[in-house]
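In: below are the sequence and a predicted model; questions follow.
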Amino acid sequence: MSKKINLFANLKSDFASGLVVFLVALPLCLGIAMASGAPLFSGIIAGVIGGIVVGYLSQSHISVSGPAAGLTAIILTAITDFGAFDVFLLSVFIAGLIQLALGFLKAGSISNYFPTNVIEGMLAGIGIIIILKQIPHAFGYDSDFEGDQAFIQNDGSNSFSFLFDVVNHIHLGAVVISLISLVVLISWDKVPFLKRLKLVPGALVAVILGVLLNEFFISSGSSLAIAKEHLVSLPVPTSFEEFKSIIITPNFEAITQGKVWLTGATIAVVASIETLLCIEASDRMDVQKRYTDTNVELRAQGIGNMVSSLLGGLPMTSVVVRSSANNNAGAKSKMSSIIHGFLLLISVLSIPTILNKIPLATLATVLILVGYKLAKPATIIHFWKKDKVYQFIPFIATLLLVVFIDLLWGVGIGIIISIIFVLRGNLKRAYIFKKEEYEDGDIIHIDLAQEVSFLNKAAIKQTLSEIPENSKVIINAHDTEYIAHDVLDLIREFKETRAIDENIKVKLKGFKEAYELENTPDNNNHVSIEHYYDVAKRVLVKKEEAKEKF
């Protein structure tokens, strides 16, 4: 059931979180553009469109779109092969068209088959990557571009050897600013008084202090002063003609080139998969447990990529790093993403000189805390205790593969491992999911089968989302021997969040104590005696039918 969203209902918290995402997104947009061999402003344009256009069209309340590190290799290769950025932009336009078509063809529903443990493994892996990649920046070693996620570098080094290399390139000024930024960020997260200052996020305070400290170091001639190459580096147009040259349009004369279409299709597939993964992860992070229509998301991404290409911007996806920062900053709705897009646009047009005073060390500290929250040791322990075979092995395999190989490979192999385990447990058991036709006010019966795996997540998720307000629901697990944790999480979130919000009375029957879904008797879960009489009558009828067959 879709509801109209008032974008201005949580403006106070959304503005603060949008501001934090803006600070995180700015260097990432520039860094990814630089790594892609594209004009620096093309990354900013993609960030602006990802925030404003995709943010408005999307139904996701948490995710933030922009240029993604996962596309840098494809972009760099394409620009090199074409020899012209405007021909590459035509491929981005075609990619947007393909994504738009995929959205109308309902290809987004594939995201329902991503297991929760694989998504959590992906998030934890990205968290570790962020920490590994940002520690050098926090110490003042900025030879690697912002947004890089590759474990193996072009020169043959890797993320671990790069950390050891930091010892030879420590900048004391960057370390001082990083430590002060860390104290500010932790204080804003732990001190009750500071936590209540929603309109003034800790990241903004850390950035302002970082700028002021470095300006003091520079004016006093201190050796702690951070040089230009360790600050945000945004191009500053000096004339209107220079600004006009930033906008590059696609070369539609290259429409007949087969390589242009192949590149467009490649970008569309990779960007769509990364977006669907991020949307599923964002929905998991959302404290209100709101679900995103992934088909709408694909259409939004398609339109966003088409608009971005027409203005000279890079292709985009929904991005985990920005989405995580958005969630951690307390975003309540997609207004946060829209605000971050407007802030990117306004700031690069009006105050680029001020932005170029921000130390990369401060932004690195913000990202390190984001990474830690994604990869908390408690998350790994949770999956270890939950189920060492069905849950932990796919989780840890996904985490390691995402860190050491690639996000898509990690998730793909993680899903394959999950499927192997599920198929092994389902060799002799079929899945049956039943629900009776219902109207408002009727009692809805959902009977779970003997084996309920994550492969059944899509059907159950769809059914729960269609249950109307003020209904009575009975979810019966009497005959069920195994229920996947993904499905248990869906039922738990439905019972504890949406059911309460929409006055849906839920009765859980037959769930094992180990599932921790106790059904506490209260008025909300009251079901009439007539219903139990009806259930008993149907059971007797089934028994009589069984006797006759026997």
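Out: Right, received. Where do you want to start? Since this is a predicted model, take the numbers as computed values, not measurements.
In: now Gly127: how far from Lys133?
Out: Distance check for Gly127 against Lys133: by CB to CB, to the nearest Å, it reads 11 Å. (Glycine included, C-beta is placed from N, CA and C.)
In: mind listing what's buried in stretch 379-390?
Out: Of the residues in stretch 379-390, Thr379, Ile380, Phe383, Asp387, Tyr390 count as buried by neighbour count, 16 or more other CB atoms under 10 Å.
In: confidence score at the fourth one?
Out: I take that to be Asp387. Asp387 carries a pLDDT value of 74.
In: repeat for the last one
Out: Per-residue confidence for Tyr390 comes out at a pLDDT of 77.
In: and it, which of the three is it?
Out: Reduced to three states with DSSP: H, G, I helix; E, B strand; the rest coil, the structure at Tyr390 is helix.
In: for the nearest residue in space to it that is not next to it in sequence, give me its contacts.
Out: Closest residue in space to Tyr390, ignoring its immediate chain neighbours: Phe421 at 5.4 Å, by CB to CB, 6 or more residues apart in numbering. Applying CB atoms under 8 Å, 6 or more residues apart in numbering to Phe421 gives the contacts Val389, Tyr390, Ile393, Pro394.
In: surely the second one and Ala484 touch.
Out: Yes: the pair formed by Tyr390 and Ala484 meets the contact definition of CB atoms under 8 Å, at 7.4 Å.
In: pull up the overlap in contacts between those two.
Out: Counting by CB under 8 Å, 6+ apart, the shared contacts of Tyr390 and Ala484 are Val422.
In: quick one: the helices in the stretch 151-300 of the chain, in order.
Out: Remark: helices assigned in the stretch 151-300 of the chain by DSSP state H, counting those that start in this stretch are 159-165, 172-190, 192-195, 202-219, 240-244, 258-285, 294-310.
In: which parts of the second one are buried?
Out: This means helix 172-190. Burial within helix 172-190, assessed by neighbour count using 16+ other CB under 10 Å, is assigned to Gly173, Ala174, Val176, Ile177, Ser178, Ile180, Ser181, Leu182, Val184, Leu185, Trp188.
In: same check on the first one?
Out: Along helix 159-165, the positions that meet the burial threshold by neighbour count (16+ other CB under 10 Å) are Ser159, Phe162, Leu163.
In: any low-confidence regions in this protein?
Out: The chain contains residues with pLDDT under 70 at 1-5, 198, 424-442, 514, 518-550.
In: and which of the buried residues of stretch 379-390 is nearest Ser63?
Out: Of all these, the one with the least separation from Ser63 (CB to CB) is Thr379, at 19.8 Å.
In: which of the helices or strands spans the closest one?
Out: Using DSSP states H and E, Thr379 sits in helix 377-386.
In: which strands and helices sit next to that helix?
Out: Here helix 377-386 is seen to pack against helix 116-138, helix 393-404 when contacts are counted using 3 or more CB pairs under 8 Å, 6 or more residues apart in numbering; DSSP states H and E.
In: mind exporting the C-alpha coordinates of it to CSV?
Out: Backbone C-alpha positions of helix 377-386 (Å, rounded to 0.1, in the frame of the first residue of the first chain) are rendered in CSV as follows:
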residue,chain,number,x,y,z
PRO,A,377,32.3,-6.9,15.3
ALA,A,378,28.9,-7.4,16.9
THR,A,379,27.4,-8.1,13.4
ILE,A,380,29.9,-10.9,12.8
ILE,A,381,29.3,-12.4,16.2
HIS,A,382,25.5,-12.2,15.6
PHE,A,383,25.7,-14.3,12.5
TRP,A,384,28.1,-16.7,14.1
LYS,A,385,25.7,-17.4,16.9
LYS,A,386,22.6,-17.3,14.7
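In: going forward, the N-terminal residue is numbered 7.
Out: Happy to do that; since the first residue is 7 now, the last one works out to helix 383-392.
In: and the contacts of that helix?
Out: By CB under 8 Å, 6+ apart, the residues outside helix 383-392 that reach it are Asn123, Glu126, Ala130, Gln397, Phe398, Phe401, Ile402, Leu405, His491.
In: leaving out sequence neighbours, find the closest residue to the second one.
Out: Spelled out, that is Glu126. Taking CB to CB, 6+ apart as the measure, Glu126 lies nearest to Phe401, with 6.0 Å between them; neighbours along the chain are not counted.
In: just checking, that neighbour touches Met128?
Out: No: between Phe401 and Met128 there is no contact under CB under 8 Å: 9.5 Å.
In: now for the two: what residues contact both?
Out: Gly420.
In: measure Phe21 to Ile344 for me?
Out: When distances are taken as CB to CB, Phe21 and Ile344 turn out to be 10 Å apart.
In: of the two, which one has the most company?
Out: It is Ile344, of Phe21 and Ile344, that has more neighbours when counted by other CB atoms under 10 Å, with 21 against 18.
In: is it true that that one lies in a strand?
Out: No: assigned with three-state DSSP, Ile344 falls outside any strand and is helix.
In: how about the residue lying closest to it once chain neighbours are set aside, what does it touch?
Out: Nearest in space to Ile344, with sequence neighbours left out and distances taken as CB to CB, 6+ apart, is Gly61 at 4.3 Å. For Gly61, the residues meeting the contact criterion (CB under 8 Å, 6+ apart) are Val70, Ser71, Lys340, Ser343, Ile344, His346, Gly347.
In: now flag whichever of those residues is closest to Ala455.
Out: When those are ranked by distance to Ala455 (CB to CB), Lys340 comes first, at 36.5 Å.
In: neighbours of the closest one, just the number please.
Out: 25.
In: that one contacts Tyr62, correct?
Out: Yes: at 7.4 Å, Lys340 counts as touching Tyr62 under the criterion of CB under 8 Å.
In: thinking again about what came up before, quick one: buried ones out of the contacts of helix 383-392?
Out: For these, burial is judged from neighbour counts taken by 16+ other CB under 10 Å, and it is met by Asn123, Glu126, Ala130, Gln397, Phe398, Phe401, Ile402, Leu405, His491.
In: make CSV from the residues you listed and add distance to Leu103 to it.
Out: Written out in CSV, the entries for the buried ones among the contacts of helix 383-392 read as follows (distance: CB to CB, whole Å):
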residue, distance to Leu103
Asn123, 35
Glu126, 33
Ala130, 35
Gln397, 39
Phe398, 41
Phe401, 36
Ile402, 39
Leu405, 35
His491, 38
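In: out of these, who's nearest Val293?
Out: Each of the buried ones among the contacts of helix 383-392 was checked against Val293 using CB to CB; the closest is Glu126, at 15.7 Å.
In: for the closest one, give me its contacts.
Out: Residues in contact with Glu126, defined by CB under 8 Å, 6+ apart, are Arg290, Thr385, Phe389, Phe401.
In: ok, Phe500 next?
Out: With contacts taken as CB under 8 Å, 6+ apart, Phe500 has the following neighbours: Leu470, Val512.
In: ok, it to Ile136 distance?
Out: 32 Å.
In: ok, now Ser69?
Out: The separation that Ser69 has from Ile136, given CB to CB, amounts to 17 Å.
In: more crowded one of these two?
Out: The residue with more neighbours, out of Ser69 and Ile136 and counting by other CB under 10 Å, is Ser69; that gives 33 against 25.
In: Trp267 against Leu103, yeah?
Out: No: taking contact to mean CB under 8 Å, the distance of 10.3 Å between Trp267 and Leu103 leaves them out of contact.
In: please tell me how far the residue nearest to Glu126 sits from Ser324.
Out: Distance check for Phe401 against Ser324: by CB to CB, it reads 22 Å.
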